[in-house]
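A.B. asks: Predicted model and sequence below, questions to follow.
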Amino acid sequence: SQTIHQWPATLVQPVGSPLSLECTVEGTSNPNLYWYRQAAGRGLQLLFYSVGIGQISSEVPQNLSASRPQDRQFILSSKKLLLSDSGFYLCAWSVSGGREQFFGPGTRLTVL
Amino acid sequence: RKEVEQDPGPFNVPEGATVAFNCTYSNSASQSFFWYRQDCRKEPKLLMSVYSSGNEDGRFTAQLNRASQYISLLIRDSKLSDSATYLCVVTFNTNAGKSTFGDGTTLTVKP
């Protein structure tokens, strides 16, 4: 069966510090991968998606970036965090072609 | 106008009640539809897919009306454990399979 991992579970970072969140998927090959952010009490905002190694599409201009160095690894990064980057970051995977997405446990980021 | 709109609620119902959630979407090119459940401070989890013919899973029934661009979720015989936020999701059947999530409807089932 497929599983998706995210770490860390929680993170508190000062403004201006760098960020690296990692997501890995097991039990499937060539998945579509997605990064979402959910602000407190709000819906999910799609940040990035990837259909293959090295292929990244950005949905919202911001100071975040994403990379996919391996088939089942998706990384979200920032060089300098802003207060507005606080939120619940969720990684998801799906098979290609508009199917249901499955989410990792998420990382709760607080920027102070 | 949001691409996917849901009544945020909250819906407060007694145990055993029947409750219905509605969702509308604006892009007629949307192809796949889902309901997810999200518990407080947890990740969303797939509840069920939604088909034009309607589908039922135990106490849960989902319906899709493509002509009206409307999706519904019916929960019968509500349990305390049904308390959560329910997210309506529409997806494009492209290789990227991008999805748009509604902001969710919050349900609280009370004893």
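C.D. replies: That came through, no problem. Numbers count the residues shown, from 1 in each chain, chains lettered A, B, ... in the order given.
A.B. asks: Quick one, grab the pLDDT at the residue nearest the centre of chain A.
C.D. replies: Closest to where the C-alpha atoms of chain A average out (C-alpha atoms, centre = their mean) is residue A:35, at 3.2 Å. In this prediction, residue A:35 carries a pLDDT score of 97.
A.B. asks: wait, what's in contact with it?
C.D. replies: A:23, A:46, A:47, A:48, A:49, A:66, A:74, A:76, A:89, A:90, A:91 (C-beta atoms under 8 Å, 6 or more residues apart in numbering or on different chains). C-betas here are computed from N, CA, C, even on glycine.
A.B. asks: Which member of these is positioned nearest residue B:86?
C.D. replies: Residue B:86 has its nearest neighbour among these in residue A:90, at 16.6 Å by C-beta to C-beta.
A.B. asks: what about the residue nearest to the centre of chain A, which SS state?
C.D. replies: strand (DSSP: H, G, I helix; E, B strand; the rest coil).
A.B. asks: if I look at it, how far off is chain B?
C.D. replies: 12 Å (C-beta to the nearest C-beta, to the nearest Å).
A.B. asks: If that residue is in a bridge, with which residues?
C.D. replies: With DSSP bridges as the criterion, residue A:35 is bridged to residue A:48, residue A:91.
A.B. asks: Any idea how far the helix-or-strand element of chain B with minimal mean pLDDT is from the middle of the chain?
C.D. replies: In chain B, the helix or strand scored least confidently by mean pLDDT, DSSP states H and E is strand B:99-101, which has a mean of 91. Distance, stretch centre to chain centre, for strand B:99-101: 12 Å (C-alpha atoms, centre = their mean, to the nearest Å).
A.B. asks: Which elements pack onto that strand?
C.D. replies: The contact analysis (3 or more C-beta pairs under 8 Å, 6 or more residues apart in numbering or on different chains; DSSP states H and E) places strand B:99-101 against strand A:44-52, strand B:84-91.
A.B. asks: Which one of those strands lies nearest to residue B:67?
C.D. replies: strand B:84-91 (15.2 Å).
A.B. asks: Contact residues of chain A facing chain B?
C.D. replies: A:32, A:34, A:36, A:42-44, A:46, A:49, A:51, A:57, A:88, A:90, A:94-106, A:108 (C-beta under 8 Å from any C-beta of the partner chain).
A.B. asks: Drop the exposed ones from the residues you listed and show what's left.
C.D. replies: A:32, A:34, A:36, A:43-44, A:46, A:49, A:51, A:88, A:90, A:94-95, A:98-104, A:106, A:108 (16 or more other C-beta atoms under 10 Å in any protein chain shown).
A.B. asks: just the strands in chain A please.
C.D. replies: For chain A, the strands defined by DSSP state E occupy A:3-7, A:10-13, A:19-26, A:32-38, A:44-52, A:55-58, A:64-70, A:73-78, A:87-94, A:102-103, A:107-111.
A.B. asks: For chain A, give me the ranges with low pLDDT.
C.D. replies: A:97-98 (pLDDT under 70).
A.B. asks: where's the nearest residue to residue A:60 once chain neighbours are set aside relative to residue A:23, distance?
C.D. replies: Computed as C-beta to C-beta, 6 or more residues apart in numbering or on different chains, the closest residue to residue A:60 that is not its neighbour in sequence is residue A:47, at 6.0 Å. Distance, residue A:47 to residue A:23, using C-beta to C-beta, to the nearest Å: 12 Å.
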